[in-house]
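Trainee: Whatever this is, show me its structure:
(chains A and B)
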Amino acid sequence: MDGNDHSIVRAVLAGDKDAYGALVRAHSATVFRVAFRIAGNEADAEEIVQETFLRGYQRLTSFEGRAQFSTWIYRIAVNCALNRATRSGVKAEYRYGEENNPEQKIVQVAASAADPERELLSREIGAAQAQAMQRLTPTERTAFILRHAEDRSTEEIAAVLGIAPNAAKQAVFRAVQKLRRELAPLRGNA
Amino acid sequence: MKHLGEEDLIALYYGEPATDSDARRHLGLCRACPAAYAELKQDLEGIQPAAVPQRGAEYGEQVWQALAPALTPYDRPEHGWRTWMHWRPVGLAAACALLVALAFVGGRVWERHTKTDKVAGNAGPQATQRVVLVVLTDHLDRTERLLVALQHADAGDDAENSELQSQARELLASNRLYRASASEAGDPALAGALDRVERVLAEVANDPSLSAADLDRVRKEMNTEGILFEIRVLLSKAPDRATVADHAKGASI
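Mentor: Below is the predicted model:
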């Protein structure tokens, strides 16, 4: 796909605007996934997807053929999400565990009807995890999400956030340490 | 036998290549560390990322339909005489610049032939070092001022905090260059100090609100006072320390 992506980029830069549609169609799902994980809700994630591809189009001349388009647009998406969180000052609504997906929630209610205590406990754990995530700084939170949920390497996180690899590693460490400290009281219950 | 710290265990959990083999070997030999690792593993496995809502196959098309009207096509590259007419002023300017550069280089070569070795040998490197030293010292000065401001920042003063964040953003970019140059030049002390500075700058620059609690946290967790001390030590040594100048060379040229 990426060799093809490069030829599409060349076509767009040569004036074929519609060719960009192929890139949008191919990478929208990935961009939405990371945007949702950082923003924590669908509405913001949708806007981040739009903003990402708009910025991508506007900066297409700076896209270097050595990089993969998927990596390049992913980096723009993370920065859009991070800027949005920083700009608005609004804390993202992180939802963890069983509370995050309406469909999953329905299944969970049906399956755990026989064990209401367990359901209550998992709700409490989900809420505590969400609260602990809120307490991280934007850099720590994003670095942790990229490492833990997106399975990105330290080097990739550093490149995406524009910081040194060691700083990226430390951001993940601090995030894990804080989360463990915050969630320690629940340890026996999980 | 030295036990694995929490950072080592976290690195091991996420499969950091630098620690992987040594840490695994230690886990096989130690009695205490496997328990700590099991606890960390349980904690991290308990943190399940949010399930991402599914998007259908038509999602990409929907995004494109919403986006397309906002995009302006890039200009098509021109061909033939129109291209030449368009680029002619640039070509002429480039030709003039090339002539000037050739004249300059020719002059320098001629000068080198005619000057004595003594004069030519001493002036160049020293002058470069002085310029480089001034550039790095200026960066360290500005960093010191920012750290002092951070130490005394008042969370209620929005204007001051906004200024602090904007300075942090500016310094962050130049700090990366100096840190990379120091690493490449093999000066771990300078690179380490700049790395610690970079973390503080990144936190301050990216914090959405910079509340009293945030300021307090940055000061405590990142030991800004200690970093400030390091910067002052570096500044006090800078005039006598030729290596500082040497390592900054890459960033300043």
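Trainee: Going by C-alpha atoms from here, please, whenever you check contacts or count neighbours.
Mentor: Noted.
Trainee: What number of residues are in the vicinity of residue 41?
Mentor: Unless you meant another one, I'm taking chain A. By other Cα atoms under 10 Å in any protein chain shown, the residues close to A:N41 number 19.
Trainee: Wait, chain B was what I had in mind.
Mentor: B:K41, neighbours per other Cα under 10 Å, totals 15.
Trainee: And the pLDDT at the residue positioned nearest the centre of chain B?
Mentor: Closest to where the C-alpha atoms of chain B average out (Cα atoms, centre = their mean) is B:R176, at 2.0 Å. Note on B:R176: pLDDT of 85.
Trainee: Then A:T86?
Mentor: For A:T86, the predicted pLDDT is 72.
Trainee: Show the contacting residues for it.
Mentor: Contact analysis of A:T86 by Cα atoms under 8 Å, 6 or more residues apart in numbering or on different chains lists A:P138, B:N206, B:D207, B:P208, B:S209.
Trainee: any chance of these in a markdown table, with secondary structure and neighbour count too?
Mentor: Shown next, in a markdown table, are the contacts of A:T86 (DSSP: H, G, I helix; E, B strand; the rest coil; neighbours: other Cα atoms under 10 Å in any protein chain shown):
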| residue | secondary structure | neighbour count |
| --- | --- | --- |
| A:P138 | helix | 23 |
| B:N206 | helix | 20 |
| B:D207 | coil | 19 |
| B:P208 | coil | 22 |
| B:S209 | coil | 18 |
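Trainee: Please, where are all the helices along chain A?
Mentor: A:2-13, A:20-39, A:42-58, A:69-88, A:102-111, A:116-134, A:138-144, A:154-161, A:165-183 (DSSP state H).
Trainee: Give me the average confidence score over the fifth one.
Mentor: For helix A:102-111, mean pLDDT rounds to 38.
Trainee: number of nearby residues for B:R108?
Mentor: Neighbours of B:R108 (other Cα under 10 Å): 12.
Trainee: Distance of it relative to chain A?
Mentor: 36 Å (Cα to the nearest Cα, to the nearest Å).
Trainee: tell me which element that residue falls in.
Mentor: Element membership for B:R108, per DSSP states H and E: helix B:81-114.
Trainee: B:A191 too?
Mentor: helix B:188-206.
Trainee: Can you pull out the residues in contact with that helix?
Mentor: A:86, A:137-139, A:163-164, A:166-167, B:164-166, B:168-169, B:171-172, B:175-176, B:178-180, B:182-183, B:210, B:218, B:222, B:224, B:227, B:230-231, B:244.
Trainee: that older thread, residues contacting the residue nearest to the centre of chain B?
Mentor: A:I163, A:A164, B:E198.
Trainee: which among the residues you listed end up buried?
Mentor: Neighbour-count burial (16 or more other Cα atoms under 10 Å in any protein chain shown) is assigned, among those, to A:I163, A:A164, B:E198.
Trainee: and those as a markdown table, adding pLDDT?
Mentor: What follows is the buried ones among the contacts of B:R176, written out as a markdown table (pLDDT from 0 to 100):
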| residue | pLDDT |
| --- | --- |
| A:I163 | 89 |
| A:A164 | 91 |
| B:E198 | 88 |
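Trainee: quick one: least confident helix or strand in the chain?
Mentor: With no chain named, the answer covers chain A. Across the helices and strands of chain A, mean confidence by mean pLDDT, DSSP states H and E is lowest for helix A:102-111: a mean of 38.
Trainee: Chain B, not that one
Mentor: helix B:242-252 (a mean of 44).
Trainee: any idea how far chain A is from B:L102?
Mentor: 31 Å.
Trainee: Could you pull out the buried residues of the helix holding B:A191?
Mentor: B:190-191, B:193-206.
Trainee: Quickly name whichever of those is closest to A:Q50.
Mentor: B:N206 (22.4 Å; Cα to Cα).
Trainee: Domain map for chain A?
Mentor: A:2-88, A:108-185 (automatic domain parsing).
Trainee: No further queries at this time; thank you.
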